[in-house]
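Visitor: The following block contains a protein sequence and its predicted model.
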Amino acid sequence: MAIPPRMSDRLKSSIAVDDRKGSQFNRSLPATERSMTDATPSSSPSRQTEFWQGARASIPLMVGAAPFGIIFGTLGASSDLSVWGTLGMSAIVFAGSAQFIALGLFGVGTPIILIVLTTFIVNLRHGLYSLALMPHVQSLSQRWKIPLAFWLTDEGFAVVIQRYQQSDRSPHKHWFYFGATSLFYLNWQLSTVLGVTVGRAIPDATEWGLDFAMTVTFIGMTLPYLKTRPMLAAAATAGIVALLAHGLPHQLGLLVAAIAGVITGVWLEKRMAA
């Protein structure tokens, strides 16, 4: 049935008005909500894309961690710890600083319970990492949470938290986490193997200063976060306290410095918001 010309014109005019209203409503939404209304399911990166992006993002920090792993493998194989014990520690513990401390304590005959307690204290900083990541991973199943928690390291956190802080609503960001941290784990195992095999054949490999690469890596991890006054104050406070508390036993100075930095940053942030 044909529509009379006047009725057709009125219908077109009504549709145009509705379209303009819808466009104005969409522009009035906040940016995050507007992106949700405009986005299509295909606009989110796939699982494979997230995984490989995480792997690529971890490569610069892997370069700094590799010498550290080689040194540990060299020291472990030349100490009272067996070759398989050295490889097993890297595979099961997967915590560079804790492994070095445990290796030193093991070499002087420290009781196992004290070694475990000391490494636990040194790794308490991972609790802060977990708190920062918890809002992003709490909806995951246990089969995801367990391996991701095990693979969490300083370098891994630095890479992963930047991805979670991005504004897009990709449902596969945990695959980025998986790609970054699993590659860090593989890198640490290969570095330890190199230290156990090739490192033992290099004379005085521990005197080459390769461990300084880790210091440079940590500086590179920290600098991108120093964007606001609370962040700068937290970093400065932690650095000063770390120097003053350097003489504390069992690396407790690092824990004290971290707590002091967090308290300073939170206090200043609240003061600025008041």
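Guide: Now that the structure is in, tell me what you want to look at.

Visitor: show me the contacts for the most centrally placed residue in the chain.
Guide: In the chain, the residue lying closest to the centroid (Cα atoms, centre = their mean) is F157, at 1.0 Å. By Cβ atoms under 8 Å, 6 or more residues apart in numbering, the contact list for F157 reads Y129, A132, L133. All C-beta spots, glycine's among them, are computed from the backbone N, C-alpha and C.

Visitor: go on, Q166?
Guide: Listed by Cβ under 8 Å, 6+ apart, Q166 has no contact partners.

Visitor: Phi, psi for it please.
Guide: Backbone dihedrals for Q166, given as degrees, to the nearest 10, come out at phi -70, psi 150.

Visitor: Equivalent analysis for the one 5 residues further on, please.
Guide: The phi and psi torsions at P171 (degrees, to the nearest 10) take the values phi -80, psi 0.

Visitor: For I59, see how far away it is.
Guide: The spacing between P171 and I59, counted by Cβ to Cβ, to the nearest Å, is 25 Å.

Visitor: residue contacts, A233?
Guide: Contacts for A233 were tallied using Cβ under 8 Å, 6+ apart; they are T264, G265, L268.

Visitor: which among those residues gets closest to K145?
Guide: For the contacts of A233, the closest approach to K145 (Cβ to Cβ) belongs to G265, at 27.1 Å.

Visitor: ok, D80 touching G107?
Guide: Yes: if you go by Cβ atoms under 8 Å, D80 and G107 touch, sitting 5.9 Å apart.

Visitor: Out of the contacts of A233, which one has the lowest pLDDT?
Guide: Across the contacts of A233, the bottom pLDDT score, 89, is held by G265.

Visitor: For burial, what's the neighbour tally of that one?
Guide: By other Cβ atoms under 10 Å, the residues close to G265 number 20.

Visitor: Same question for F120.
Guide: F120 has 10 neighbours, counted by other Cβ under 10 Å.

Visitor: now swap in the one 4 residues further on and tell me
Guide: Summarising burial for L124: neighbours were counted as other Cβ under 10 Å, giving 13.

Visitor: A234 now?
Guide: 24.

Visitor: That one reaches W267, doesn't it?
Guide: No: A234 lies out of contact with W267 (Cβ under 8 Å); the separation is 9.5 Å.

Visitor: Below-threshold pLDDT in the stretch 51-200 of the chain: ranges please.
Guide: Along the stretch 51-200 of the chain, the parts satisfying pLDDT under 70 run over 200.

Visitor: the helices in it, which residues?
Guide: 83-92, 96-107, 112-122, 125-137, 142-150, 154-164, 173-194, 200-201 (DSSP state H, counting those that start in this stretch).

Visitor: Same list, those, but as CSV with distance to G73 please.
Guide: Below are the helices of the stretch 51-200 of the chain laid out as CSV (distance: least, Cβ to Cβ, whole Å):
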stretch, distance to G73
helix 83-92, 6
helix 96-107, 10
helix 112-122, 18
helix 125-137, 23
helix 142-150, 20
helix 154-164, 18
helix 173-194, 4
helix 200-201, 8
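
Visitor: residues contacting A95?
Guide: Counting by Cβ under 8 Å, 6+ apart, A95 makes contact with T119, N123, T153.

Visitor: Columns distance to L226 and neighbour count on top of those, output as CSV?
Guide: As requested, the contacts of A95 are exported to CSV (distance: Cβ to Cβ, whole Å; neighbours: other Cβ atoms under 10 Å):
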residue, distance to L226, neighbour count
T119, 29, 20
N123, 24, 16
T153, 21, 24
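
Visitor: Show me which of the contacts of F157 is closest to G88.
Guide: Using Cβ to Cβ, Y129 is the member of those that lies nearest G88, at 24.4 Å.

Visitor: Skipping adjacent residues, who's closest to that closest one in space?
Guide: Excluding the flanking residues, the one nearest Y129 by Cβ to Cβ, 6 or more residues apart in numbering is F157, at 4.4 Å.

Visitor: returning to what we had before: what is the nearest of the contacts of A233 to F94?
Guide: Looking across these and measuring by Cβ to Cβ, the closest to F94 is G265, at 27.9 Å.

Visitor: Verify the contact between the closest one and R229 for me.
Guide: No: applying Cβ under 8 Å, one finds G265 not in contact with R229, separated by 9.3 Å.
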